[in-house]
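>>> 3D model of this:
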Amino acid sequence: MKKRTKIKPLLLATCLMLAGARAGQAEEQVIIATTGGAYDAALRKFWFEPFTETTGIKVVSVAATNAEMRAKAAAMVKTGNVTWDLYPDGEIQASAEAHGLTSEDLTEFCKSFQGRSDLVKDACVGAGARLFSTATLMAYDPTGFKSGNPLSWADMWDETKFPGGRSFPNFDDPWRVMAAALLADGVARDKLFPLDVDRALNKLDEIRPAISLWWKTGDQSVQGFRNGDYSIGQIWLTRANALKAEGRQIAWSKQASFLVGDRLTIIKDAPNRGNALKLIGYWLDHPEAQAGVCDELLCTPPSRKAIDLMSPAARAALPSDEDIRDYIVIPDAKWINDNAAMMLERWNPWIR
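Numbers count the residues shown, from 1 in each chain. Sure thing, here's the model as predicted:
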């Protein structure tokens, strides 16, 4: 009996120590949502894994569409049950007033990154830290056409000269599909905003029978191209470059592109807030991580040093100042945010 009474306290103490160790280990993680696929793989290889090796903090990524990320973040904050820490929100959405309802203001955190000559001016602002800039553009199979390749959105509408299926995204910000339709209809780039939604939908009516894939995720757009579901599609440059890296016959036109980007946003009451800040800080402080990601995904990192570390081929493929001046559309974020509900009200009945 005496031996048993001695063993019980010892077992209890051991269990408490193990439980405490497990709790400590559980805290040393950070949970980030990504869009999965090649995007997640590049982030993990060049950013998440080196971060874990340096800090011991495990990075857990969960896959979701951009729309799902915003909806999930809003729902978690509303119910007080926040299980994610951060996610990359679109540059446009991050500038909206609604963003502040679910996301932490990073103004104080960003002070240590202000005035750094190696970072772009808006690398870290209250709305979030810049992950990278890229483009949504027209990509195509260069082996599929006999009379040259398409260059403009108007070419995408020319089914006689450029036969085959078409592809567009279908999620909660249809502005880029409407904008492509208006450009195809002859609207000048500097007259694009405010978008003429009626005119855009009428133009989309013309090509609707040829649209063989409405994709909701980057992986769907990639798989659709692999399967030959479409010959011309509106796709993220990061995904188009991933297809090229696979050895696929794919090309794209800078003359038919929109400049977009992502910001890292921390969800209010994030369970691993401190680790999330460390993950963002690591990204901004390590140009080699940015260079690796953007070399693989073909994006523009927030660090000028990172651009210098990228391969010559990747640097040459990035949008130049001349491309931005002459062709690339920089979207009107304020108009898009102010009219997001209106566009969805028009878009949802049309897409059904």
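
>>> from now on I want contacts and neighbour counts done on CA atoms only, so please keep to that.
Noted.

>>> three-state assignment of Lys78?
For Lys78, the assignment made with DSSP: H, G, I helix; E, B strand; the rest coil gives helix.

>>> and the pLDDT for it?
pLDDT, Lys78: 96.

>>> so what does Asp173 look like in phi/psi?
Asp173 adopts backbone torsions of phi -140, psi 80, taken as degrees, to the nearest 10.

>>> please name the nearest non-neighbouring residue to it.
Leaving aside its sequence neighbours, Asp173 sits nearest to Ala340 (Cα to Cα, 6 or more residues apart in numbering; 6.9 Å).

>>> what's the answer for Val197, then?
Using Cα to Cα, 6+ apart, the nearest residue to Val197 is Met178, at 6.9 Å.

>>> try Ser303
Nearest one to Ser303, counting by Cα to Cα, 6+ apart, is Leu119 at 4.5 Å.

>>> what's the burial count for that neighbour?
When counting by other Cα atoms under 10 Å, one arrives at 21 neighbours for Leu119.

>>> my guess is it contacts Thr300, does it?
No: the pair formed by Leu119 and Thr300 falls short of the contact definition of Cα atoms under 8 Å, at 11.7 Å.

>>> Met233 in helix, strand or coil?
Residue 233: Gly, not Met. The three-state assignment at Gly233 reads strand, by three-state DSSP.

>>> mind checking pLDDT for it?
Gly233 is assigned a predicted lDDT (pLDDT) of 97.

>>> quick check: closest non-adjacent residue to it.
Ser167 (4.3 Å).

>>> so who does the one you found touch?
The neighbourhood of Ser167, defined by Cα atoms under 8 Å, 6 or more residues apart in numbering, consists of 211-215, 221, 230, 232-234.

>>> can you give me every residue that contacts the residue nearest to Ser95 when sequence neighbours are not counted?
Computed as Cα to Cα, 6+ apart, the closest residue to Ser95 that is not its neighbour in sequence is Ala127, at 6.5 Å. With Cα under 8 Å, 6+ apart as the criterion, the residues that contact Ala127 are 94-95, 99-100, 103-107, 263, 265.

>>> quick one on the thing from earlier: just the contacts of Ser167 now: which is nearest Ile280?
Among the contacts of Ser167, Ser221 lies closest to Ile280 (Cα to Cα), at 28.1 Å.

>>> how about low-confidence regions in the stretch 1-150 of the chain?
1-27 (pLDDT under 70).
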